[in-house]
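Asks: Any chance you can model this:
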Amino acid sequence: MNRSNISPLFWTQFLGAFNDNVFKNAIVMLVTYGTVGNMNISPKHIVALAGCIFIAPFFFFSAMAGRISDRISKSRFIVWVKAAEIIIMALGALGFALGDLRLLLVVLFFMGLQSAFFGPAKYSIIPELVPRDELLKSNALIESGTFLAILLGTIVGGLVAASPTLHAVLGPMVIVVAVLGLMASFQIQRTEQCRGGSRTVLGTFALLRLLYMQRPLFFIALGISWFWFFGAVCLSVLPVYAADVLHVNAHVMTLFLALFCIGIGIGSWLCARLNQTYSKERLISLGAWGMSFCSLILYGLGAPLNMELRDLATFIADYHGASISCILMMMAMACGVYSVPLYTLLQERSERVVRSQAIAANNVLNALMMVIASGCLMAAYGLGFTVPQIFGVLAILNMFAWALFTRCDRCPDI
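Replies: Purely as a prediction, here's the structure:
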């Protein structure tokens, strides 16, 4: 693979994902420990509100982002988006300095907006930077880097926000990272303006309807969205799983997050290696089966016999704890193997003049599925499901989704 073409995009994406997660987790920690004003709202409600604020722009602005990205040079568009990040982070630094939660939430909205505009260009530019036979490897590199950035950003944001002596570092740090991201974007190979296609800016529902009319792309996007549903459920239940089922402290929860992010990164890398032997379609099936298999094992393991609160060392030393850690990482690896070929198929089978719009519609579906995942999880808790039972149901739903996706007459033969 020609890394010189994809490396600037890798670092642009890596630094952006890192900054997003530093900022988001810093807000969560500052609110949780009462460092910033809470607007007379409980911390857990503010954390939930922050998640909604960040994801809302994907619903309302993805269509516009896809249309603009399809009409102008994608490399130039990415530079504009990264330049906007510096301004947004400067406002965020002011919010941290003042301890103004309202300003920080406004900045969080604009961060979501910036990510909504960056997403379609980020994935649609890859086929213009590398040959077709290097698409999967390039997507694997971007995917693994993204989840590593998420992990590092979450850890760094939490550590800095939890230490009063480091609070002053937050603002300058996010600005510096934004500047580095802009510098990386300048190095992305120049791409030409796309000619052809409609000039009409579609609304969100019109964009989804356009994607639905192209059934192969629609079902590929649904497959990707299922990955985000699956991941959202897993990451949402992990804190409850750690505290109420395994009876472990917060350090073990941090380990789970690290294993999940690293596992997806390894799975993405493994996918690029396996593609030398297996087709993209076979890799999707392999990943789906791995996701369900690991979920069923977590269901079967249930709760440990020892109900005492355990620290990280005690948990890892225990056979039950070590097994759970390995299974969680294997499940994340399967997610990486599953998702990377789907993104590659979406890029390969969408026409260049509408590729950004197809990816924008996919982003809307992803956001919608994550919201649905939260609703389903709340319903499951309301019905009395335990976390191991949720893993069992998720395994069954995953195989049902895979079978529906692969056997649809209007979907590509996978």
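Asks: thought residue 240 was touching residue 385?
Replies: No. Applying CB atoms under 8 Å as the test, residue 240 and residue 385 come out as separate, 10.9 Å apart. C-beta: built from backbone N, CA, C; applies to glycine.
Asks: just for the chain, where's the confidence low?
Replies: Residue ranges of the chain with pLDDT under 70: 1-4, 32-45, 47-48, 194-203, 302-309, 406-414.
Asks: Which parts of it belong to which domain?
Replies: Segmentation of the chain into domains, based on automatic domain parsing, reads 1-193, 213-407.
Asks: next one: the first one to chain centre, how far?
Replies: Chain-centre distance of domain 1-193: 11 Å, with CA atoms, centre = their mean, to the nearest Å.
Asks: okay but residue 391 is in contact with residue 300, surely?
Replies: No. The pair formed by residue 391 and residue 300 falls short of the contact definition of CB under 8 Å, at 9.1 Å.
Asks: neighbour count winner among the two?
Replies: For residue 391 and residue 300, the more surrounded residue by other CB atoms under 10 Å is residue 391, and the numbers stand at 25 against 11.
Asks: Give the buried residues for the helix or strand hosting the more buried one.
Replies: Per DSSP states H and E, residue 391 falls inside helix 387-407. Of all the residues in helix 387-407, those buried under the rule 16 or more other CB atoms under 10 Å are 387-388, 390-395, 397-399, 401-402, 405-406.
Asks: again, but for stretch 315-326
Replies: Residues 315, 318, 321, 324, 325 are the ones in stretch 315-326 that count as buried (16+ other CB under 10 Å).
Asks: burial measure for the closest residue to the fourth one other than its chain neighbours, as a count.
Replies: Beyond its immediate neighbours in the sequence, the residue positioned closest to residue 324 (CB to CB, 6 or more residues apart in numbering) is residue 301, lying 6.3 Å away. Around residue 301 there are 16 other residues, counting by other CB under 10 Å.
Asks: how about residue 301, what does it touch?
Replies: Contacts were defined as CB atoms under 8 Å, 6 or more residues apart in numbering; by that measure residue 301 touches 320, 323, 324, 327, 388.
Asks: if you set the cut-off to 7 Å instead, what comes out?
Replies: 320, 323, 324 (CB atoms under 7 Å, 6 or more residues apart in numbering).
Asks: Repeat that for residue 171.
Replies: Under the criterion of CB under 7 Å, 6+ apart, the neighbours of residue 171 are 92, 93, 96, 97.
Asks: where's residue 369 relative to residue 221, distance?
Replies: 10 Å (CB to CB, to the nearest Å).
Asks: between those two, which one's more packed in?
Replies: Neighbours were tallied for residue 369 and for residue 221 using other CB under 10 Å; the higher tally belongs to residue 221 (26 against 21).
Asks: Against which helices or strands is the host helix or strand of that one packed?
Replies: Residue 221 belongs to helix 215-240 when elements are defined using DSSP H and E. Helix 215-240 sits against helix 204-213, helix 250-274, helix 319-349, helix 355-382, helix 387-407, with contacts defined as 3 or more CB pairs under 7 Å, 6 or more residues apart in numbering; DSSP states H and E.
Asks: CSV please, covering the ones you listed and showing distance to residue 166.
Replies: Conversion of these to CSV gives the following (distance: least, CB to CB, whole Å):
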stretch, distance to residue 166
helix 204-213, 40
helix 250-274, 18
helix 319-349, 29
helix 355-382, 31
helix 387-407, 34
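Asks: For residue 69, find the nearest of the ones you listed.
Replies: helix 355-382 (3.6 Å; CB to CB).
Asks: tell me the angle the closest one makes with helix 215-240.
Replies: Here helix 355-382 runs at an angle of 40 degrees relative to helix 215-240 (axes from the mean of the first three to the mean of the last three CA atoms, to 10 degrees).
Asks: tell me which residues in helix 355-382 are buried?
Replies: In helix 355-382, residues buried by neighbour count (16+ other CB under 10 Å) are 355-371, 373-374, 376-377, 380.
Asks: quick revisit: now the contacts of residue 301 as JSON lines including distance to residue 288?
Replies: Below are the contacts of residue 301 laid out as JSON lines (distance: CB to CB, whole Å):
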{"residue": "320", "distance to residue 288": "27"}
{"residue": "323", "distance to residue 288": "22"}
{"residue": "324", "distance to residue 288": "21"}
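Asks: Out of those residues, which is nearest to residue 17?
Replies: Checking these one by one against residue 17 (CB to CB), the nearest turns out to be residue 324, at 26.9 Å.
Asks: Okay, that closest one and residue 378: tell me how far apart.
Replies: For residue 324, the distance to residue 378 (CB to CB) stands at 24 Å.
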